[in-house]
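In: Give the three-dimensional model of this entry:
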Amino acid sequence: MLEKLFKLSENGTNVKTELIAGLTTFMTMVYILALNPSILSASGMDAGAILTATAVASAIACFAMAAFSNMPFALSAGLGLNAYFAYTICGSMGYDWHAALTAVLFEGLIFIVLSLTNVREAIFNAIPKQMKTAVSVGIGFFITFIGLQNAGIIVDGSTLVGLFSFKTALSDGTFATHGITAILTMVGVILTVFLLKKNVKGYMLYGILLTWALGIVCQLTGIYVPDNESYFSLIPTTFFSMPASVSSTFFKFDFAFVAEHTLDFIVMMFAFLFVDIFDTLGTVIGCASKANMLDEEGKLPKIKGVLLADAVGTTVGACLGTSTITTFVESSSGITEGGRTGLTSVTVGVLFLLSLFLSPLFLTVPSFATAPALIVVGFMMMQQVVNIDWQNLEDAVPAFICITMMGFAYSISEGISFGIISYVVLHVLTGKTKDLNALMYILAVLFVLKYFLI
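Out: Presented below is the predicted three-dimensional model:
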């Protein structure tokens, strides 16, 4: 049944591989169930309702991904967009969370229209193949940076980012928390790479579980000491809990706000729309490139279904009470494990639903245990850098800008923005306009306007 439904053999995979890939993807992105309620609750929303809404919306979006495209991408509430929701719209702008949720709803509805009318597909296909390679490499850089931050190896510093100091940790008493987890991450990277070298099937998942197990051993022996503020117990005290109700957030829109503050509403909705569209495109490009899913022209045959699933997820999420649902870059961890079909997405969706009842278990998985998987995936995605023609400067420089800006601006969409602007400008200046299509000009202008108007 599964073979016929997901065309497993046709895609060079099997049930076991897809299930392991789905579990691996879920393990690397389960942090969102803790993080999203923490961020969105700053807007005044109920944290329990947000967790339930996030899990259910993520599951529905993953099921839609499988149904519409049979692709192995997983979706959940997008980081950055949830911060914009809570800290900008409901914080500095001072608007109620009902208005922000209404903006997310309209964004999702517009996305559905754009996906059905091929606008988003046209944007995907308009991006040159060299830039698509750069996006994939840039995501590798970005996801490695995320992994290093999650591990606490890269921290805030006088130079904006800095390296965690083990010497300082020994003197100020934080070595038993921060220091040990940073070391465990580095050990986890070595273990994961060793399993990869030995061609162990499921090496990414095993790497996560082994790193977590080492952490538990450290806690039991007193080497790791939780402080219950930033560093918590690695041992689940309970496995089962009942999900919270979404009654306080379900369909809580403020349509009157749209009429009373039309201009402000358009600005906030466009911000959601712009970031989500290019975060999603960037993630899909990077993950599809890694899995060799793009055709010779750099197109993804099932891109319409992928984008439609993303749009449906956002719309459903808004109705339930969470910020924009988007395709997660952590999908690359499952793809690296061999996930190639919608069965991977379905597995992630089922695990999101199970997490409603097993949240104490899933939320105990520490970030230092999933960080090695992100770092190793980053390494594997960055290998595609050799496919960039570094001798062709008008292609290579925009690719370099795209790659570096993704990490340094901490945003996939910003990397794409700067990459496309520089690509168009350099090709115009060097007289190679035949390499540009009309949509690239339009995108470049829109990106420039975005930085001055939003």
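
In: Can you check what pLDDT the model gives the spatially most central residue of the chain?
Out: Nearest to the mean C-alpha position of the chain, by C-alpha atoms, centre = their mean, lies Phe328 at 3.0 Å. Phe328 carries a pLDDT value of 89.

In: what ranges do the helices span in the stretch 301-450 of the chain?
Out: 303-320, 331-336, 342-362, 367-382, 393-408, 412-429, 438-453 (DSSP state H, counting those that start in this stretch).

In: Adding mean neighbour count and mean pLDDT as columns, could you present those in JSON lines?
Out: Where C-beta positions appear, they are placed from N, C-alpha and C, glycine not excepted. Below are the helices of the stretch 301-450 of the chain laid out as JSON lines (neighbours: other C-beta atoms under 10 Å; pLDDT from 0 to 100):
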{"stretch": "helix 303-320", "mean neighbour count": "26", "mean pLDDT": "93"}
{"stretch": "helix 331-336", "mean neighbour count": "30", "mean pLDDT": "89"}
{"stretch": "helix 342-362", "mean neighbour count": "23", "mean pLDDT": "92"}
{"stretch": "helix 367-382", "mean neighbour count": "25", "mean pLDDT": "86"}
{"stretch": "helix 393-408", "mean neighbour count": "21", "mean pLDDT": "94"}
{"stretch": "helix 412-429", "mean neighbour count": "22", "mean pLDDT": "91"}
{"stretch": "helix 438-453", "mean neighbour count": "14", "mean pLDDT": "86"}
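
In: Quick check: which of those helices is nearest to Thr211?
Out: With C-beta to C-beta as the criterion, Thr211 lies closest to helix 367-382 of the helices of the stretch 301-450 of the chain, at 4.2 Å.

In: list the helices and strands the closest one packs on?
Out: Counting contacts by 3 or more C-beta pairs under 8 Å, 6 or more residues apart in numbering; DSSP states H and E, helix 367-382 packs against helix 15-29, helix 129-151, helix 180-197, helix 203-220, helix 262-290, helix 331-336.

In: now for the ones you listed, which one comes closest to Ala244?
Out: Between these, helix 15-29 lies closest to Ala244; by C-beta to C-beta that is 20.2 Å.

In: Skip ahead from that closest one and say which helix or strand is next.
Out: Later in the chain than helix 15-29, the nearest helix or strand by DSSP states H and E is helix 32-40.

In: List the buried residues of that following helix.
Out: Ile32, Leu33, Ala34, Leu35, Asn36, Pro37, Ile39, Leu40 (16 or more other C-beta atoms under 10 Å).

In: next one: that helix to chain centre, how far?
Out: 14 Å (C-alpha atoms, centre = their mean, to the nearest Å).

In: Please apply the same query to stretch 56-72.
Out: Relative to its parent chain, stretch 56-72 has a centroid offset of 15 Å by C-alpha atoms, centre = their mean.

In: Please put the alpha-carbon coordinates of that stretch into PDB.
Out: Only the C-alpha atoms of stretch 56-72 are listed here, as PDB (Å, rounded to 0.1, in the frame of the first residue of the first chain):
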ATOM      1  CA  VAL A  56      -1.600  20.500  14.600                       C
ATOM      2  CA  ALA A  57      -0.900  23.100  11.900                       C
ATOM      3  CA  SER A  58       2.600  21.500  11.300                       C
ATOM      4  CA  ALA A  59       1.000  18.100  11.000                       C
ATOM      5  CA  ILE A  60      -1.600  19.200   8.500                       C
ATOM      6  CA  ALA A  61       1.000  21.100   6.500                       C
ATOM      7  CA  CYS A  62       3.200  18.000   6.300                       C
ATOM      8  CA  PHE A  63       0.300  15.800   5.200                       C
ATOM      9  CA  ALA A  64      -0.600  18.400   2.600                       C
ATOM     10  CA  MET A  65       3.100  18.300   1.400                       C
ATOM     11  CA  ALA A  66       2.800  14.500   0.900                       C
ATOM     12  CA  ALA A  67      -0.700  14.800  -0.800                       C
ATOM     13  CA  PHE A  68       0.200  17.700  -3.100                       C
ATOM     14  CA  SER A  69       3.800  16.900  -4.100                       C
ATOM     15  CA  ASN A  70       5.000  13.500  -2.600                       C
ATOM     16  CA  MET A  71       8.100  15.400  -1.500                       C
ATOM     17  CA  PRO A  72      10.000  14.900   1.800                       C
END
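
In: quick one: buried residues of that stretch?
Out: 56-66, 68-72.

In: so where's the protein uncertain?
Out: Within the chain, the stretches with pLDDT under 70 are 297, 454.

In: Settle this for me: Val397 is touching Leu429, isn't it.
Out: No: Val397 lies out of contact with Leu429 (C-beta atoms under 8 Å); the separation is 11.2 Å.

In: What is the most widely separated pair among the buried residues of stretch 56-72?
Out: Largest separation among the buried residues of stretch 56-72 by C-beta to C-beta: Val56 and Asn70, giving 22.1 Å.
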